[in-house]
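Colleague: With the sequence up front, the predicted model follows.
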Amino acid sequence: MGVSQPASSPANGVEAAPTLLDRTFRISLLLKGLDGVLELMGGVLLLVVSPARLNSLTRFLTQHELSGDPNDLIANALRHYTSTMSVSSSLFGAVYLLLHGLVKIVLVWAVLKDKLWAYPWMIAFVLVFIAYQSYQLVMGFTTGMALLTAFDIFIVWLTLHEYRVRKTRTLTTSS
């Protein structure tokens, strides 16, 4: 269980069964990749839907929830966010989501394809967002941001661990 072993043994050429850590790493990466796809979709949505239309859509979608619970935190936050959104903030959000989602998808794909160069880039990319998320937590704690930050820290740890395993395997097989 605990420690990840290289996917194949150079000594006998036999594929080793993936460990729990290997499977956890792949699932975590797939979740990160899915998040990147959702960010791309959100970025496109912000590009094609005006802030006024987005506000109307949000009001319509949250109407039922707020009739049952007028203090619903998520519905009220969504309504507040979309009601204060300007064209420039919508464009900034779209560009941010499109670039962030695209970089995330490319890095996740490259790491899943075992491209050694992608591991350090993935670690650096996620560390930048951990720093930003930590700043956001200091400015105003939210459970969602704390959970996202904890997940990203876990992703960095797993990616670093897998990078070391892959690098060691590459150095061993090339010697």
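Modeller: That came through fine. Just so it is clear, the model here is predicted, and its values are computed rather than measured. Numbering: from 1, shown residues only.
Colleague: going on from the strand or helix carrying residue 25, what's the next piece of helix or strand?
Modeller: Assigned by DSSP states H and E, residue 25 belongs to helix 20-48. Remark: after helix 20-48, the chain's next helix or strand is helix 51-68, criterion DSSP H and E.
Colleague: Return the alpha-carbon coordinates of that next one using CSV.
Modeller: Taking C-alpha atoms only, helix 51-68 is exported to CSV below (Å, rounded to 0.1, in the frame of the first residue of the first chain):
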residue,chain,number,x,y,z
PRO,A,51,-23.1,40.1,-17.5
ALA,A,52,-26.8,41.3,-17.5
ARG,A,53,-27.9,38.0,-19.1
LEU,A,54,-25.8,36.0,-16.7
ASN,A,55,-27.4,38.0,-13.8
SER,A,56,-30.9,37.2,-15.1
LEU,A,57,-30.0,33.5,-15.6
THR,A,58,-28.6,33.3,-12.0
ARG,A,59,-31.7,35.0,-10.6
PHE,A,60,-33.9,32.5,-12.4
LEU,A,61,-31.8,29.5,-11.4
THR,A,62,-31.6,30.5,-7.7
GLN,A,63,-35.2,31.6,-7.4
HIS,A,64,-36.6,28.3,-6.2
GLU,A,65,-33.7,27.7,-3.7
LEU,A,66,-34.1,31.1,-2.2
SER,A,67,-37.9,30.7,-1.8
GLY,A,68,-37.2,27.7,0.4
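Colleague: Give me the mean pLDDT for it.
Modeller: Confidence over helix 51-68 (mean pLDDT, whole number) is 90.
Colleague: Give me the packing partners of it, helices and strands only.
Modeller: The contact analysis (3 or more Cβ pairs under 8 Å, 6 or more residues apart in numbering; DSSP states H and E) places helix 51-68 against helix 73-83, helix 87-112. (Glycine included, C-beta is placed from N, CA and C.)
Colleague: nearest to residue 26, of these?
Modeller: Minimum separation from residue 26 across the helices and strands packed on helix 51-68 (Cβ to Cβ) falls at helix 87-112, 7.1 Å.
Colleague: next SSE after that closest one?
Modeller: Trace forward from helix 87-112 with DSSP H and E and the next one is helix 118-139.
Colleague: what about that following helix, average pLDDT?
Modeller: 92.
Colleague: How about the contacts made by the residue lying closest to residue 75 once chain neighbours are set aside?
Modeller: With Cβ to Cβ, 6 or more residues apart in numbering as the criterion, residue 75 has its nearest non-adjacent residue at 3.9 Å, and that residue is residue 62. Residues in contact with residue 62, defined by Cβ atoms under 8 Å, 6 or more residues apart in numbering, are 72, 75, 76, 78, 79.
Colleague: returning to that earlier point: closest one to residue 119 among the helices and strands packed on helix 51-68?
Modeller: For the helices and strands packed on helix 51-68, distance to residue 119 was read as Cβ to Cβ. The smallest value, 6.1 Å, belongs to helix 87-112.
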